[in-house]
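[1] One predicted model, sequence on top.
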Amino acid sequence: MAVVEELLRAESDRTISFGNHKLAAKAKLEDYEHGGNLYKVKTFKELTKLEKNGMFAYESEPGTSVNRFEETENGITFTVEGDEDAQITVGLEEDTVYKVYVDGANIGEMKTNLSGKLSISVELASVKAVEVKIVK
């Protein structure tokens, strides 16, 4: 896996990849159309943020590179890469319980808040990339 040099790109399997955790300065890409939606990404080594149709979708501190990000009616899946451990927040359905899997291991159930946000910590420093799956 690698950083997303173009900041945001469509993949052949209809997912998207975004973010570049190697950038020293902030970079952004707006109005990227994919699957009938408009995306906006801001990224650099300290933060990566994705918006879909003007709404919050993903944020990480520090910045990350995200590959094969897919939203379905049942949740979100993606692979995330970074140089250090990251705090990731995703936008889902409000006040809903989700099962969270990191590299195939069930780390438990979590409930979104009233704004639909769910936050997890992922250890990236020693492994560099992990698969995240969040399902109802």
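    Structure's in. What do you need?

[2] what bridges to the residue nearest the centre of the chain?
    Against the mean C-alpha coordinate of the chain, by CA atoms, centre = their mean, the closest residue is Tyr58 at 4.7 Å. Here Tyr58 shows beta-bridge partners Leu50, Val90, assigned using DSSP bridges.

[3] That one and Thr112, how far apart?
    Here the distance between Tyr58 and Thr112 works out to 14 Å (CB to CB, to the nearest Å). (Glycine included, C-beta is placed from N, CA and C.)

[4] Asp85 contacts Val130, doesn't it?
    No: here Asp85 lies out of contact with Val130, judged by CB atoms under 8 Å, at a distance of 10.4 Å.

[5] If you count surrounding residues, which of those two has more?
    Neighbours of Asp85 and Val130, each counted by other CB atoms under 10 Å, are more numerous for Val130; the result is 19 against 12.

[6] Enumerate every residue touching that one.
    Residues touching Val130, when contacts are defined by CB atoms under 8 Å, 6 or more residues apart in numbering, comprise Thr79, Val80, Val102, Asp103, Val122, Glu123, Leu124.
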